[in-house]
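Enquirer: I would like the atomic coordinates for the input below:
(2 chains)
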Amino acid sequence: MDKQEARRSLTEIMAKFTGYVGKRLPQDVLDKLAQLREGEDSPLARVVYDSMFENQEAADKLDRPCCQDTGVIEYFVTAGADFPLLGELRGILGEAVRQATKDAPLRHNAVETFVEKNTGDNTGTRVPWIEWDIVPGDSVTIEVYMAGGGCSLPGAAKVLMPSAGYEGVVQFVFDVITSYGVNACPPLLVGVGVSTSVETAAMLSKKAILRPIGTRNPNPQAAEMEQLLEKGLNDVGLGPQGLSGKSSVLGVHIENSARHPSTIGVGVSVGCWAHRRGTIRIAPDLSYEILSHKEAVL
Amino acid sequence: MKKILNTPISSEDIASLRVGDVVFLNGHIVTCRDVGHRRLIELGRELPVDLKGLAIFHAGPIVVKDGDGWKMISIGPTTSMRMERFEDEFIERTGVKLIVGKGGMGPKTAEACKKHKALHAVFPGGCAVLAATEVEEIERVEWEDLGMPEALWVCRVKEFGPLIISIDTEGNNLFEENKARYNESKGPIIEEINRQVRFIK
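Expert: Residues are numbered from 1 along each chain as shown, chains lettered A, B, ... in the order given. Down below sits the predicted model:
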């Protein structure tokens, strides 16, 4: 395969995968939703869960984006330094978004800032947003994430003094979720970043919601805090759509880094129940494996 | 039995509905969100659709061209609270009777619903294909210059719902009541967690 052909082929794969992620939720999310649905017995909670499952069936049958808000598309790339198309990847992902917007179709969401015009193809300055992690190897793993406006609005980060301790982190998470979470389409996946400054904490909180639901932070104390926050937020009882119920969250995931001794940065990112996240691993010969949706055929 | 509202909606049609009731809508609903509200209230521009007795939907859809017209692909509600700044005046100026979105709205909107006899209702968020299948036809589009999400899409709908009443004509506000409860309950929960996360020693 010459380079141009390879470029075309990878664009095609990523366009199709991006469209697919907008239409079908990953299995771990569906399983968790089914489990939470079982636990709810109020009539309003039932009405909402019934609608959610009816919606997923309709999206599947009609091959349409399950939520109209396809977000501003983000790619989290873990790239092997020897992946043959590494230098071309930014252009390829931009083109894939343009193509998916037409083919899926996706809502036109990218509004060019200051110009304040919708670009009409979901690309624009620095969009699709791409986060890079360069690792040894020759394959590339790409996470696609579509965050709607509703679940992006509660996002917040701040820097606490060490005297606030991890207790300050807990307070911050609860304040964000109980004040703004009801509008973000609960049950929510809550990502918490514990780090040094606003940008590192915020980015880690976003990475936290890309983890499969129910996985735990490898640090036992962080894992314990995930469980405590999860139980605590469920006890608040937001219920589906914030209409109240037995649970509030799909899960709480924490990602952390070492911190400056004088600061504790905390970030919160929220994923909605329609958590459109997908993971694909691409080998140097462009054969691929879809890790998030086992049944997927592109 | 499904409780069904038909547009044009009169004040009497909705007087007995209360927060938590579930209804469905037949007739016309028009998408209208951030910029539509700003144009009417801040810029004083006339809306190109007469909303008297009709419903608005805080939503930005995915539509595709279908011959001379448009086809609705996906249309779920967006966060209603974004429109809180404008909604009381919007209700007063337009005579709209039903506002559909997601999440709650604030005291200004609740007051306007009470004064002008209107409702805010929630369509379950994210259920955008379900909603699209309840749109019979997109009759026309106005302010298309705003782009797909912000334009006013005039939709004829059949049994559109479920719509969960979140503000009624008495000014009761389901989400505000819930939020107060959530905020109250969190204190002891946080205290309990904090006892266990004193990792700095």
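Enquirer: and B:Glu139, how far is that from B:Leu130?
Expert: In this view, B:Glu139 and B:Leu130 are 21 Å apart by Cβ to Cβ, to the nearest Å. To be clear about C-beta, it is placed using only N, CA and C from the backbone, and glycine gets the same treatment.
Enquirer: These two: which is more packed in?
Expert: Neighbours per residue, other Cβ atoms under 10 Å in any protein chain shown: of B:Glu139 and B:Leu130, the larger number sits with B:Leu130, 27 against 14.
Enquirer: Please name the residues that touch the more buried one.
Expert: With contact taken as Cβ atoms under 8 Å, 6 or more residues apart in numbering or on different chains, B:Leu130 is in contact with A:51, A:54-55, A:58, B:124.
Enquirer: need the contact list for B:Phe160.
Expert: Taking Cβ under 8 Å, 6+ apart, one finds B:24-26, B:29, B:123, B:131, B:134-135 in contact with B:Phe160.
Enquirer: ok, which of those also contact chain A?
Expert: Here nothing survives when the contacts of B:Phe160 are matched to chain A using Cβ under 8 Å from any Cβ of the partner chain.
Enquirer: Looking at those, which one is closest to A:Phe76?
Expert: Nearest to A:Phe76 among these: B:Ala131, at 30.1 Å, using Cβ to Cβ.
Enquirer: SS state for the closest one?
Expert: Under the three-state scheme (DSSP: H, G, I helix; E, B strand; the rest coil), B:Ala131 adopts helix.
Enquirer: Same question for B:Val63.
Expert: strand.
Enquirer: before we move on, what about A:Tyr75?
Expert: Under three-state DSSP, A:Tyr75 falls in the strand class.
Enquirer: That one touches A:Val140, doesn't it?
Expert: No. Here A:Tyr75 lies out of contact with A:Val140, judged by Cβ atoms under 8 Å, at a distance of 10.4 Å.
Enquirer: any idea how far A:Val198 is from A:Leu36?
Expert: For A:Val198, the distance to A:Leu36 (Cβ to Cβ) stands at 32 Å.
Enquirer: Any buried residues in stretch B:144-154, and which?
Expert: Across stretch B:144-154, burial judged by 16 or more other Cβ atoms under 10 Å in any protein chain shown covers B:146-154.
Enquirer: just the residues you listed now: which is nearest chain A?
Expert: Minimum distance to chain A across the buried residues of stretch B:144-154 is 3.3 Å, recorded for B:Gly147 (Cβ to the nearest Cβ).
Enquirer: Could you find the closest non-adjacent residue to the closest one?
Expert: Sequence neighbours aside, A:Asn118 is the residue nearest to B:Gly147 in space, at 3.3 Å (criterion: Cβ to Cβ, 6 or more residues apart in numbering or on different chains).
Enquirer: what's around the one you found, how many residues?
Expert: The tally of other residues near A:Asn118 (other Cβ under 10 Å) stands at 21.
Enquirer: low pLDDT regions in chain B?
Expert: Chain B contains no residues with pLDDT under 70.
Enquirer: can you pull out the strands in it?
Expert: Using DSSP state E, the strands of chain B run over residues B:4-6, B:22-31, B:55-57, B:62-66, B:69-74, B:98-101, B:119-122, B:135-142, B:152-167.
Enquirer: could you dump the fifth one to CSV, C-alpha only?
Expert: Going back to what we said before, that points to strand B:69-74. What follows is strand B:69-74, C-alpha atoms only, in CSV (Å, rounded to 0.1, in the frame of the first residue of the first chain):
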residue,chain,number,x,y,z
GLY,B,69,-38.0,19.4,2.5
TRP,B,70,-36.1,18.1,5.5
LYS,B,71,-36.1,14.9,7.4
MET,B,72,-35.6,14.7,11.2
ILE,B,73,-32.8,12.3,12.1
SER,B,74,-32.2,12.9,15.8
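Enquirer: Please point out which parts of it sit buried.
Expert: B:70, B:72-74.
Enquirer: Would that strand count as contacting chain A?
Expert: Yes. Looking at strand B:69-74 against chain A by Cβ under 8 Å from any Cβ, the contacts come from B:73-74.
Enquirer: which residues sit against that strand?
Expert: Outside strand B:69-74, the residues that reach it (Cβ under 8 Å, 6+ apart) are A:59, A:64-68, A:105, A:107, B:61-65, B:128-129, B:131-132, B:135, B:137-138, B:141, B:153, B:155.
Enquirer: 7 Å instead, please
Expert: Contact with strand B:69-74 is made by A:64-65, A:68, A:105, B:61-64, B:128-129, B:132, B:135, B:138, B:141, B:155, as judged by Cβ atoms under 7 Å, 6 or more residues apart in numbering or on different chains.
Enquirer: can you check the second one too?
Expert: Residues outside strand B:22-31 that contact it (Cβ under 7 Å, 6+ apart) are A:47, B:2-7, B:17, B:49, B:51, B:54-57, B:59-61, B:98, B:100, B:152-165.
Enquirer: can I assume A:Ala208 is in contact with A:Asn256?
Expert: No. If you go by Cβ atoms under 7 Å, A:Ala208 and A:Asn256 don't touch, sitting 9.1 Å apart.
Enquirer: With neighbour numbers in mind, choose between these two.
Expert: A:Ala208 (27 against 19).
Enquirer: What distance do you get for the more buried one to chain B?
Expert: Remark: distance between A:Ala208 and chain B (Cβ to the nearest Cβ, to the nearest Å) = 17 Å.
Enquirer: now that residue: how far from A:Val266?
Expert: Counting by Cβ to Cβ, the separation of A:Ala208 from A:Val266 is 12 Å.
Enquirer: and for the two, which residues touch both?
Expert: Shared contacts of A:Ala208 and A:Val266, defined by Cβ under 7 Å, 6+ apart, are found at A:192-193.
Enquirer: give the contact list for A:Asn183.
Expert: Taking Cβ under 7 Å, 6+ apart, we find A:Asn183 in contact with A:150, A:153, B:79, B:81, B:102-103.
Enquirer: what's the answer for B:Asn6, then?
Expert: For B:Asn6, the contact set (Cβ under 7 Å, 6+ apart) comprises B:26-27.
Enquirer: Check the contacts of B:Leu130 and tell me the two furthest apart.
Expert: A:Ala58 and B:Pro124 (12.8 Å).
Enquirer: More neighbours: those two, which one.
Expert: The neighbour count for A:Ala58 versus B:Pro124, taken as other Cβ under 10 Å, is higher for B:Pro124 (29 against 19).
Enquirer: ok, now how distant is that one from chain A?
Expert: Distance from B:Pro124 to chain A, by Cβ to the nearest Cβ: 4 Å.
Enquirer: just checking, that residue touches A:Gly242?
Expert: No. Using Cβ under 7 Å, B:Pro124 is not in contact with A:Gly242, being 10.9 Å away.
Enquirer: Roughly how far does the closest residue to A:Gly214 other than its chain neighbours sit from chain B?
Expert: The shortest distance from A:Gly214 to any non-neighbouring residue, by Cβ to Cβ, 6+ apart, is to A:Gly251 (5.9 Å). Distance, A:Gly251 to chain B, using Cβ to the nearest Cβ: 16 Å.
Enquirer: Quick check: residues of the stretch 1-150 of chain A near chain B?
Expert: Selection of the stretch 1-150 of chain A residues close to chain B by Cβ under 7 Å from any Cβ of the partner chain yields A:44, A:47-48, A:51-52, A:54-55, A:58-59, A:62, A:64-69, A:105-109, A:118, A:120, A:149-150.
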